[in-house]
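In: Build me a structure from this.
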Amino acid sequence: MAYVVQDVATISNAEAYIFSPVSALNMSFISLKDLKSLQSLEELKEQPSIEGNITPETYKFVTLQFNFHPLAAGTLFNTCRSIEGTYLDLLDKENNSKNKQVWAIGPLSSDTKSERRKSNREHKCLEWLVKQTPKSVLYVSFGTTTTMPDEQIRELAIGLEQSKQKFIWILRDADEGDIFAGDVKRDPLPEGYVERVKEFGMVVNDWAPQVDILGHPSTGGFMSHCGWNSLLESLTVGVPILAWPMHSDQPRNAFHVTNILKVGLAVNTWEQREQIVTSSTITRVVKRLMTSKEGEEIRRRAEEMGVALRQAVEEGGVSRLELDSFIAHITR
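Out: Below you'll find the model as predicted:
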């Protein structure tokens, strides 16, 4: 929302900084003037087209923000050089030529201190997770800005049931932009579904403590829309991803996770977004992650990445040093 600080240019002793809500990879495609160095990277050769990832109204709004980006003295990223160093280096190079700086200070995951865990301790998800074996549960959630068609929800339900893998599924519509909109309840699940899967699955229709679920020892995978915050929350605790991008920056995030970092599998590709993902496809990919040797290797890589990301924000870690650098810069 850069336009809200456009008056900073008239204040002699003030500076404005951009905080990027997307990955350095996504921001590189948006903000780099010379894309040749980015497009020449071998790891990005097979990346998907993101045509149609945002609406014309959203594109117009985003373009408005970039008109005011030259006012910024630098950019903060919720990311880490251990997973996005290549793209941060490209952004560093371009920003340095403009006498601006870039800091990667993430992952800035939600608070997981004991006080927060205590407040969520009574949530039914966590009570259920305690009874499960380590790394046996798939967490399924598509964020607060996604609503699936009823047909797709039914296919997902059947796919999870037929996989016979333990799961927690957060099934809710996207948050309404209109706070006065009526609360319309849908029930797209097959008849008797919740009762049939109760021995190995849980369906939740309201808010759930995602950070605590992902961080629980029983959680072994995350089927996700690949929003950047959700990915960081999952990877920070070493939980691999089943990628199902829906819109916005999610297609590139999904590609990053599955093709570059190799800590996840694709449920559905962006090119196939208009197609219903069948229950048999969902069953197959869930089993690949949760029960196969391939899944074990993906989980091992995710766990190693989790260690690196947690160390990055500790004293002396690469992200902590960049945060210290930013603090030193603004208090100079």
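In: what comes up buried for stretch 297-313?
Out: Across stretch 297-313, burial judged by 16 or more other Cβ atoms under 10 Å covers 298, 299, 302, 303, 305, 306, 308, 309, 311, 312, 313. The C-beta positions use only the backbone N, C-alpha and C, and glycine is treated the same way.
In: the strands in the stretch 1-150 of the chain, which residues?
Out: Counting by DSSP state E, counting those that start in this stretch, the stretch 1-150 of the chain has strands at residues 16-20, 72-77, 101-104, 137-141.
In: Turn those into JSON lines, including mean pLDDT and mean neighbour count.
Out: Output for the strands of the stretch 1-150 of the chain, formatted as JSON lines (pLDDT from 0 to 100; neighbours: other Cβ atoms under 10 Å):
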{"stretch": "strand 16-20", "mean pLDDT": "90", "mean neighbour count": "17"}
{"stretch": "strand 72-77", "mean pLDDT": "92", "mean neighbour count": "20"}
{"stretch": "strand 101-104", "mean pLDDT": "96", "mean neighbour count": "23"}
{"stretch": "strand 137-141", "mean pLDDT": "97", "mean neighbour count": "24"}
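In: Export the ones you listed as CSV, with columns for distance to residue 290.
Out: Below are the strands of the stretch 1-150 of the chain laid out as CSV (distance: least, Cβ to Cβ, whole Å):
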stretch, distance to residue 290
strand 16-20, 33
strand 72-77, 32
strand 101-104, 32
strand 137-141, 6
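In: how many other residues sit next to residue 39?
Out: 12 (other Cβ atoms under 10 Å).
In: Report the contact partners of the nearest residue to residue 83 once chain neighbours are set aside.
Out: In space, and not counting its chain neighbours, residue 83 is closest to residue 261: 6.3 Å by Cβ to Cβ, 6 or more residues apart in numbering. Residues counted as contacts of residue 261 (Cβ atoms under 8 Å, 6 or more residues apart in numbering) are 83, 235, 301, 305.
In: and the gap between residue 129 and residue 51?
Out: For residue 129, the distance to residue 51 equals 39 Å [Cβ to Cβ, to the nearest Å].
In: Could you check which of those two is surrounded by more residues?
Out: Set residue 129 next to residue 51 and count neighbours by other Cβ under 10 Å: residue 129 wins out with 21 against 9.
In: which residues in the stretch 151-300 of the chain form helices?
Out: 193-197, 210-214, 228-236, 250-255, 279-291, 293-312 (DSSP state H, counting those that start in this stretch).
In: Can you verify my assumption that residue 307 contacts residue 238?
Out: Yes - assessed by Cβ atoms under 8 Å, residue 307 is found in contact with residue 238 at 7.2 Å.
In: burial count for residue 66?
Out: Residue 66 has 12 neighbours, counted by other Cβ under 10 Å.
In: Quick check: it touching residue 18?
Out: No - between residue 66 and residue 18 there is no contact under Cβ under 8 Å: 10.2 Å.
In: Mutual contacts of the two, please.
Out: Joint contacts of residue 66 and residue 18 (Cβ under 8 Å, 6+ apart) are residue 2.
In: list the contacts for residue 262?
Out: Counted by Cβ under 8 Å, 6+ apart, residue 262 has contacts 298, 301.
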